[in-house]
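A.B. asks: build me a model:
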Amino acid sequence: MFSKILVATDLTEASDAVICTLGALKGLGTREALLVHCFNIRDVGTLGNEIIELSRPLFEKQKKMLEDLGFRTEGMMVLGLPHIEINRLAGEHDCSMIVVGSQSRTMAGELLLGGTAAAVMHSATRPVLILYLKMRCEDGRTVCVETECRPLDHVLFPTDFSDNAEIAFAYVKEIGRSGAQSITLFHVQDRAKIDPHLQSRLEEFNRIDTGRMERLKTELENAGVHDVRIELAYGSPKQEIITRLERGDISLTVMGSQGRGYIGELFLGSVSHSVSRRTEVPLLLVPARV
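C.D. replies: Residues are numbered from 1 along each chain as shown. This is a model prediction of the structure:
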């Protein structure tokens, strides 16, 4: 399921930091990588071909980094709109996942590791793994402190039991089969939909939804996961997921997204969008099938 990935780069040191962590994806069965850098046609204009050649040494250095990690690696530098080209190439080369870096929530900027990551996420028809970069100012310049990728330590799967969540759960099971140590199933009873008229039925809702998560737990245990936990929360789904992540024990979050530009008032639409902007925990967003 994760055998070939597309790695998006902007050729900066921050991209180096992302690439350095990707060896951990071999635990998910990743064996091939397509390294892609897209020069924004709006920025380079008629100088595109010259800029590509000037950038080739940096690009080849990052390609070799992936090869040194043990991946069979192709590389492509293209002109266009980055989020469109990244998603197009992922489809054309049958990549099972797109990997992008994103600056942490304390930083601003419209670099690939920031604005374009969000654009890729909203237009993707393939799962997108977002790795968050922690930045600091050093000697008058912004540098990347660290990022991390530990997909098999402790996975959080927030679910609203929708069709898109079921699609995302297939990826959670695959991660489980790959040797995930712990998986937590997490559901939030939405206070805004329950208060005040349905408050008397909260216990009933909890019982029903616990049963649904018990089914998912059984599937994960059958897939070989020994530590599967069930957690229910009550409140705002966006805030409760963020609060859960702030406990610091989660190494990867897997969520469904509505895919292809849809950000609606659904749990795994607006909520996945909000979580992606407020967490520093690696996030795998799985779009609905199209």
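
A.B. asks: check which helix or strand Lys193 maps to.
C.D. replies: Assigning secondary structure by DSSP states H and E places Lys193 in helix 191-194.

A.B. asks: now do the buried residues in that helix.
C.D. replies: Arg191 (16 or more other CB atoms under 10 Å). Backbone N, C-alpha and C define where each C-beta goes, glycine included.

A.B. asks: centre of the chain versus that helix, how much separation?
C.D. replies: Distance of helix 191-194 from the chain centroid (CA atoms, centre = their mean, to the nearest Å) equals 28 Å.

A.B. asks: C-alpha coordinates for whichever helix or strand comes after it, PDB please?
C.D. replies: For helix 191-194, the following helix or strand on the C-terminal side (DSSP H and E) is helix 202-222. Extracted in PDB, the C-alpha atoms of helix 202-222 (Å, rounded to 0.1, in the frame of the first residue of the first chain):
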ATOM      1  CA  LEU A 202     -25.400  10.800  25.500                       C
ATOM      2  CA  GLU A 203     -25.100   7.500  27.300                       C
ATOM      3  CA  GLU A 204     -26.900   5.700  24.500                       C
ATOM      4  CA  PHE A 205     -24.600   7.400  21.900                       C
ATOM      5  CA  ASN A 206     -21.500   6.400  23.900                       C
ATOM      6  CA  ARG A 207     -22.700   2.800  24.000                       C
ATOM      7  CA  ILE A 208     -23.400   2.700  20.300                       C
ATOM      8  CA  ASP A 209     -20.100   4.300  19.300                       C
ATOM      9  CA  THR A 210     -18.100   2.200  21.700                       C
ATOM     10  CA  GLY A 211     -19.500  -0.800  20.000                       C
ATOM     11  CA  ARG A 212     -18.500   0.600  16.600                       C
ATOM     12  CA  MET A 213     -14.900   1.100  17.900                       C
ATOM     13  CA  GLU A 214     -14.900  -2.400  19.300                       C
ATOM     14  CA  ARG A 215     -15.500  -3.700  15.800                       C
ATOM     15  CA  LEU A 216     -12.500  -1.700  14.500                       C
ATOM     16  CA  LYS A 217     -10.400  -2.900  17.500                       C
ATOM     17  CA  THR A 218     -11.200  -6.500  16.600                       C
ATOM     18  CA  GLU A 219     -10.100  -6.000  13.000                       C
ATOM     19  CA  LEU A 220      -6.800  -4.400  14.200                       C
ATOM     20  CA  GLU A 221      -6.100  -7.300  16.600                       C
ATOM     21  CA  ASN A 222      -6.800  -9.700  13.800                       C
END
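
A.B. asks: those helices in the protein, which residues are they?
C.D. replies: 13-20, 41-44, 48-68, 82-92, 117-123, 163-177, 191-194, 202-222, 237-245, 267-278 (DSSP state H).

A.B. asks: so for the last one, mean pLDDT?
C.D. replies: In other words, helix 267-278. Computed over helix 267-278, the mean pLDDT rounds to 74.

A.B. asks: and stretch 10-30, by the same measure?
C.D. replies: Stretch 10-30 comes out at a mean pLDDT of 92.

A.B. asks: so for that stretch, first residue to last residue, what's the gap.
C.D. replies: End-to-end distance of stretch 10-30 (CA to CA, to the nearest Å): 22 Å.

A.B. asks: any idea how far Glu50 lies from His37?
C.D. replies: Glu50 is 15 Å from His37, where distance means CB to CB, to the nearest Å.

A.B. asks: with neighbour numbers in mind, choose between these two.
C.D. replies: With neighbours defined as other CB atoms under 10 Å, Glu50 and His37 compare such that His37 has more, 23 against 10.
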